[in-house]
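Asker: quick one: sequence plus predicted model below, questions after.
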Amino acid sequence: MTTGSPVIAGVRFSRVGKIYHFTAGNIPDLSVGDAVIVETSRGWQLGRVVQILPESATFAGLSSLKPIDRKATPRDLLMRQSWQQKEAGVVEACQTRVRELHLSGVKIIAAEYSFDGSKLTVMYSCETEDKVDLKSLRQDMQKLFSPVQLEMRQIGPRDVAKILGGMGACGLETRCCSRFLCDFNSISIRMAKEQGVSLTPSEITGMCGRLRCCLIYEYETYLELRKGFPKKKKRVITPAGEGKVVDTFPLRGCVMVEIPDVGRREFPLKEIIVPDEAGQSVEVSDSEEESVDGEELTFE
């Protein structure tokens, strides 16, 4: 990297994880794909550069960014690998102690050492809503792995699914969260209703037990396509007579109308006329979105 080249680098610490930014002006030849050593709130970590931003790029909080310490050496990579090989043993030891302490509902999911092995994070989930006292477990693990600084971190169901991986509820061999989702968005029942997805739990719930992340993928598209469609139960005029809207199909651009003595018929949106309150016929235009009950659900 020469003078005038990018000075902010995006670093990722897992294959599918959030990108964190660091200044990189002190490393002249940094490029995407390089392994680097950085200091984080969780200690020294080894990560991979996945993006480099130009100096001209607008970046909020630039002054608060920490610098990349250096590029990782072969020795650094071997050290990180050696600590990773010990993480499975940590998980097993914690699981054994959880059973001995009869900590019902507590599941040890994963363990992660910092780059230099000075910090150890044990990630767990809790199936019960009641607060579980893990003081004894933490103290026992701290003694067992001393002098490492140990942290017990509770993670949500979606993070558990991301770490464990496996087949998705839709049949994909790898779940979206383990393939490319770096952040979890807020998902709501409204998204399923707007897209006409069945509200049967098995249809809208992922392997994590929460609303499927994919409900947001086409949500904005459906909102845009629904503009101009009459609301359900709205009285409309069709080539076959006057009737009531029973359903809409945004992707096909069609409206299902129930007409007395005719039954249900499907018509292209352009053939539908919506009478105004005075009884005059008006062409369908951008209409108010169908109101949908459904509390916004935010997940970890």
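Answerer: Everything's here; your move.
Asker: CA only for contacts and neighbour counts going forward, please
Answerer: Fine.
Asker: now residue 275: how far from residue 144?
Answerer: The gap separating residue 275 from residue 144 is 76 Å, by CA to CA, to the nearest Å.
Asker: and the two? which has more neighbours close in?
Answerer: Using other CA atoms under 10 Å as the criterion, residue 275 and residue 144 rank with residue 275 on top: 17 against 12.
Asker: quick one: pLDDT of the more buried one?
Answerer: Note on residue 275: pLDDT of 83.
Asker: report the beta-bridge partners for it.
Answerer: Beta bridges link residue 275 to residue 281 when assigned by DSSP bridges.
Asker: do the same with residue 22
Answerer: On the basis of DSSP bridges, residue 22 is bridged to residue 9.
Asker: could you shift the numbering so residue one becomes 661, and keep it that way?
Answerer: Taking 661 as the first residue, the last one we looked at is residue 682.
Asker: that one contacts residue 728, correct?
Answerer: Yes. Taking contacts as CA atoms under 8 Å, residue 682 lies within contact range of residue 728: 5.9 Å.
Asker: so for stretch 766-783, mean pLDDT?
Answerer: Here the average pLDDT along stretch 766-783 is 94.
Asker: outside of that stretch, which residues touch it?
Answerer: Residues from elsewhere that reach stretch 766-783 (CA atoms under 8 Å, 6 or more residues apart in numbering): 702-706, 739-740, 743-744, 747-748, 750-751, 754-755, 758, 784-787, 807-815, 820, 823-824.
Asker: first-to-last residue distance for that stretch?
Answerer: First residue to last in stretch 766-783 (CA to CA) measures 11 Å.
Asker: please identify the buried residues of that stretch?
Answerer: For stretch 766-783, the neighbour count (16 or more other CA atoms under 10 Å) marks 766-775, 777, 779-783 as buried.
Asker: show me these that map onto strands.
Answerer: 766-773, 779-783 (DSSP state E).
Asker: before we move on, the earlier item: and the buried residues of stretch 766-783, which two are furthest apart?
Answerer: 766 and 775 (26.9 Å; CA to CA).
Asker: the one helix or strand residue 883 maps to packs against which elements?
Answerer: Using DSSP states H and E, residue 883 sits in helix 879-886. For helix 879-886, the packing partners by 3 or more CA pairs under 8 Å, 6 or more residues apart in numbering; DSSP states H and E come out as helix 849-854.
Asker: so for the helix it packs on, what's the average pLDDT?
Answerer: The pLDDT scores in helix 849-854 average 92.
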